[in-house]
Every structure is written in structure tokens, then in C-alpha cells.
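Asker: The sequence isn't on hand, but the structure is:
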Ligand SMILES: Cc1cc2nc3c(=O)[nH]c(=O)nc-3n(C[C@H](O)[C@H](O)[C@H](O)COP(=O)(O)OP(=O)(O)OC[C@H]3O[C@@H](n4cnc5c(N)ncnc54)[C@H](O)[C@@H]3O)c2cc1C
């Protein structure tokens, strides 16, 4: 790593001159808040928290940091799960929460343009009230659009619509040198040489600061319904995922939960789900503009579940019933954080390999003496494996956790899978990068990083081992 400059009083004064004194903080509570994300990683405090309000301020700040060799770590809502926003070399935590304006909702072009600190739930609300939909729907809807773009966030609707990358049409980016570039725009098609916009998406704040984003929208389907199906075994539920896909139902969401997850969620949200007495569960969300099509999809999905070992098929038709189930599903990660010590591997395999993955992964519980809880977006092959501490001592736990996660990743590689489906490499998974992409691709990626950020000030210590 390059030699970075410690921030001195004169640097602070210069930074205050750029963004205003009130937008610079070294107060202990601010330093603490900006030292973490939602991963179980130990905090990494920045030296200073800087909260710009405009692209010009970000640009001047980056030029200053680049000149003075001060590391800069962009941060959204800090809901990430891989330590990607931890300021591991101190320096500036660049808090983008105050750049939170919805700039334009363009119904003619079906696009919305926002500042990076706008929350994904605000984009949903703003678009859905006029019958449009921004499909990416990560489990944590208080994440920012800037964070979602930089982690290429996925979520519940990815199996039908795709991930954040598929809905980013234009970006304004401040480079580490302070230069401002506009990538893409509002055209639906663009074959103009290399796609730099695609390099920024998923780059985890290591190439530049996203200061504006134009996102694609689609018409919102008029009707939705949801199946909650308990299964006699985890393996049966995993097989039903493939069967529902094979029968061409095209759900917008297909989520998988184990009994342990259902019971943990119920304890956390303090209410019961329709059933908690079976080993595994599927949530199947379908949507359409016509009643007939919706009914056909529900019937086909329901039959597939029953034929593959579901003991019952509960149907949530009213909006309230559906919202209650989605709220429960989205509470899962918080429920585990509240009651257990755990970490997760956000693994993605080809969807047809889910039954084999489950079969190979379950014996790890006995091998390592931990709970291995599979929950997630099974419809797109993205299972979040939570490794939950049992009676390991403080010395044993980190070793056991790392070995179990490494073995889950190895199984995923054998099955043609990937290390991270949606949470990114960040800090916690960087040691596994070459395992997936190989040394040549790591070399190419480092070359790209170097072109964007020759001084290495942009979110250093991330992605590369
Ligand atoms: C309960 C829970 C459920 C979750 N469910 C999902 C899920 O279903 N799908 C999913 O994909 N994720 C999920 N997440 C993870 C998390 O919400 C996402 O990774 C989200 O994209 C992070 O956004 P953020 O605003 O919190 O960004 P942060 O965590 O603050 O930052 C994430 C990364 O983006 C960079 N960054 C942030 N803003 C900018 C910017 N403007 N310019 C450049 N870089 C920037 C940071 O440097 C960092 O590398 C979940 C998290 C929780 C806690």
C-alpha cells in the first residue's frame, strides 16, 4: 500500500473550506458510526467524517485527497455485509447520505435520476405511486442507491428482472483525481466502445464516487400473489425450486427458508407465520396484469410444490397478507444478528445445482459443530449460508467459522458457482477472489484499478488480497 498522510489540523481546515465546517466531524459518535457496516467485522475508524452536498464539493475533496495522499472511503447507509465501506486505512469516511435528492422522474423515458444517498425504498415509493417499478429489491431497503450500485445489489426480484446492474442507465462519477465523468445516459441502447459504466457498477467504491444515477423503470404489474409452502425435507424444497422454474412459472421471487430460520424470524418479529413445524419452506411470488394468468401461475407453482413434497400450500392474496410475509422474510438477517453469533457466505450457484449444494453442505454442521442455515434467493441460485456459533470457545470460533465458510465456497466452486451473488468481496471475502477468477483476471482488475486510481487513495484495502 502507498504511504498515506495522517490528517492534521491544517488538512481539516482545508477540507472545511471545501464542504463547510458543519459537514466535517471528528466527534467520537460520528467516528464510531462510520467505522462499521452490518458485517460482524471489528470496526475500522476513519480519522474524519466528511459529508458533502454537491458534486462540486466531492470533486474538490477528491482532488485534495489525491494531492495529499489521504485515503477516502465512500459510504452510503453502511448496511453492507462484507466490510466494503470500512475505512481500513483511516483517512476520510465520505458520507454520501446528504446527497439524497430525487432529481427527476421521467415518465416519457421510463427513468428516474437520483443523487447517490437516496434510499432504495424511496425510489420504490416514488415510482410505485404512479404505477412504475424499480425492480431491484434488496432485503435491506434502507440501503442507498450509491451503495446498491457499488455492490451490484440483488435481492428478491432478481430471478425475473435481474440485478441493480440491469437497471443502471447513466452515472455521474467523480474520479479519484477529482475529474467528473458522465457514463451512459438515457438512451436504451449504447454500443460505444468499452462499457465504463459496467466497471463502476459493483466496484465497491474502489474506482470513483457515484454522485448521480439514472435508473431504468418498468410498468408495475397490476396483481401479485404469494405462496408459502412448508416441505417435509430441505432436499424436497430445494428440488421444488428447480421444478417451478422448469415448469416456466416465471415467479418474480422464489425464496427458501429452513425451519430454524422461520422460528428465529417468528421470535424476532413476535408473531407467527402460517406454519413453523416443517423442516423447510418456499415463498413463491407471482405477478401479472390478468387474473387468469395469475391463477395459472399460482396453480402451476402450487402443484409443483405439492408433487415435490410440500405438506400444504398457503396462499397470500391480499396485499396485507403478502406484506406480512415479505416483512417476515426481510427480518431474517436482523433476527440472526439479534439472537446468534454468525457470519454468512453469500454464495450463488447455477439454479439447477441447488439440491446438490444443499446435500453437500448440510454435513458441515456435524463436521464443524456449528449450525449451517441456508436461506435466500433460491430462484436465482443465491443462497445465503449462515454459519451459526454453537459451543465454540472464543479462540475456536474464528478458526471454525473461516474453515466452514471456505468449505462452502469450495463446494460452490465445484458446482460452477461464485463467491458472492450480491454482497460483494469488500474486505471479508478478498482472500477468496483468486479462487473464483484466477490470477490473470486479478491482474487485469488491478490494472483497471491503477488506471482509475493511480495513487491508490480510493477505498484502499478492498477487493484485492
Ligand atoms: C438485513 C439486511 C438484508 C440485506 N439484504 C440484501 C439483499 O437482499 N441483497 C443485497 O444485494 N444486499 C443485501 N444487503 C446488503 C446491503 O444492504 C447492500 O450491500 C447495499 O447495497 C449496501 O448499501 P449501503 O448504502 O448501505 O452502502 P454501504 O454499505 O455504505 O457501502 C457499500 C459499498 O458501496 C460503496 N459506496 C457506497 N456509496 C457509494 C457511492 N456513492 N460511490 C461509490 N461507492 C459507494 C462503499 O464504499 C462500499 O464499498 C442486506 C443487508 C442487511 C443488513
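Answerer: The structure has been received and is ready for your questions. Please read these numbers as outputs of a predicted model, since none were measured by experiment.
Asker: Give me the phi and psi for the closest residue to the ligand within the stretch 351-465 of the chain.
Answerer: Residue nearest to the ligand within the stretch 351-465 of the chain (Cβ to the nearest ligand atom): residue 422, separated by 3.3 Å. Every residue, glycine included, has its C-beta placed from N, CA and C. Main-chain dihedrals, residue 422, degrees, to the nearest 10: phi -160, psi -10.
Asker: start at 24 instead
Answerer: Okay, residue one is now 24; in that scheme the one you just asked about reads as residue 445.
Asker: Quick one: neighbours of it, just the number.
Answerer: Number of residues near residue 445 (other Cβ atoms under 10 Å) recorded here: 26.
Asker: what do you get for residue 203?
Answerer: When neighbours are defined as other Cβ under 10 Å, residue 203 has 18 of them.
Asker: same check, this time on residue 102
Answerer: Using other Cβ under 10 Å, residue 102 has 22 neighbouring residues.
Asker: what does the stretch 24-173 of the chain have sitting close to the ligand?
Answerer: With Cβ under 6 Å from any ligand atom as the criterion, the stretch 24-173 of the chain meets the ligand at residues 60-61, 96-104, 107-108, 119, 139, 161-163, 166-167, 169-171, 173.
Asker: that older thread, hmm, the residue of the stretch 374-488 of the chain closest to the ligand is touching residue 178, no?
Answerer: Yes. Using Cβ atoms under 8 Å, residue 445 and residue 178 qualify as a contacting pair, with a distance of 7.1 Å.
Asker: what helix or strand is residue 388 on?
Answerer: Element membership for residue 388 (DSSP states H and E) is helix 387-391.
Asker: ok now that helix, how far from the chain's centre?
Answerer: Averaging C-alpha positions (Cα atoms, centre = their mean, to the nearest Å) puts helix 387-391 27 Å from its chain's average.
Asker: got it, and stretch 243-259?
Answerer: Centroid separation between stretch 243-259 and its chain, computed with Cα atoms, centre = their mean, is 22 Å.
Asker: Mutual contacts of residue 445 and residue 178, please.
Answerer: Residues touching both residue 445 and residue 178 by Cβ atoms under 8 Å, 6 or more residues apart in numbering: 161, 186, 400.
Asker: Need the residues you listed in JSON lines (columns: neighbour count and pLDDT).
Answerer: What follows is these, written out as JSON lines (neighbours: other Cβ atoms under 10 Å; pLDDT from 0 to 100):
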{"residue": "161", "neighbour count": "24", "pLDDT": "94"}
{"residue": "186", "neighbour count": "24", "pLDDT": "97"}
{"residue": "400", "neighbour count": "24", "pLDDT": "90"}
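Asker: from those, which single one is nearest residue 387?
Answerer: Here the nearest of the shared contacts of residue 445 and residue 178 to residue 387, counting by Cβ to Cβ, is residue 400; it sits at 20.6 Å.
Asker: Need the three-state assignment for residue 294.
Answerer: coil (DSSP: H, G, I helix; E, B strand; the rest coil).
Asker: Contacts only, for it.
Answerer: Each residue near residue 294 by Cβ under 8 Å, 6+ apart is listed here: 347, 351.
Asker: If I look at it, what pLDDT would I see?
Answerer: Per-residue confidence (pLDDT) for residue 294: 97.
Asker: what does the one 10 residues further on give?
Answerer: At residue 304, the pLDDT value in this model is 96.
Asker: where's the closest residue to it other than its chain neighbours, which helix or strand?
Answerer: Distances taken as Cβ to Cβ, 6 or more residues apart in numbering put residue 280 closest to residue 304, at 4.4 Å, once the chain neighbours are dropped. Taking DSSP H and E as the criterion, residue 280 maps to strand 276-281.
Asker: So which bits of that strand are buried?
Answerer: For strand 276-281, burial by neighbour count (16 or more other Cβ atoms under 10 Å) applies to 276, 277, 278, 279, 280, 281.
Asker: wait, isn't the first one in contact with residue 306?
Answerer: In other words, residue 276. Yes. At 6.8 Å, residue 276 counts as touching residue 306 under the criterion of Cβ under 8 Å.
Asker: Hmm, residue 54 is touching residue 68, no?
Answerer: Yes. The pair formed by residue 54 and residue 68 meets the contact definition of Cβ under 8 Å, at 5.0 Å.
Asker: what's next to stretch 146-153, contact-wise?
Answerer: 125, 128, 130, 135, 137, 156-157, 160, 164, 168, 238, 240, 243.
Asker: Filter the residues you listed down to the ones in helices?
Answerer: residue 168 (DSSP state H).
Asker: What is the nearest of the contacts of stretch 146-153 to residue 295?
Answerer: residue 164 (23.6 Å).
Asker: So the closest one sits against residue 143, correct?
Answerer: Yes. Using Cβ under 8 Å, residue 164 is in contact with residue 143, at 5.4 Å.
Asker: out of these two, which sits in the busier spot?
Answerer: Legend: neighbour count by other Cβ under 10 Å for residue 164 and residue 143, higher for residue 143 (26 against 17).
Asker: Once you drop chain neighbours, what's closest to residue 402?
Answerer: Computed as Cβ to Cβ, 6+ apart, the closest residue to residue 402 that is not its neighbour in sequence is residue 277, at 2.8 Å.
Asker: How about the contacts made by residue 367?
Answerer: Counting by Cβ under 8 Å, 6+ apart, residue 367 touches 104, 407, 408, 409, 410.
Asker: Kindly report the same for residue 336.
Answerer: Contacts of residue 336 were listed using Cβ under 8 Å, 6+ apart, and they are 250, 251, 252, 325, 328, 329.
Asker: Surely residue 457 and residue 488 touch.
Answerer: Yes. With contact defined as Cβ under 8 Å, residue 457 counts as touching residue 488 (6.9 Å).
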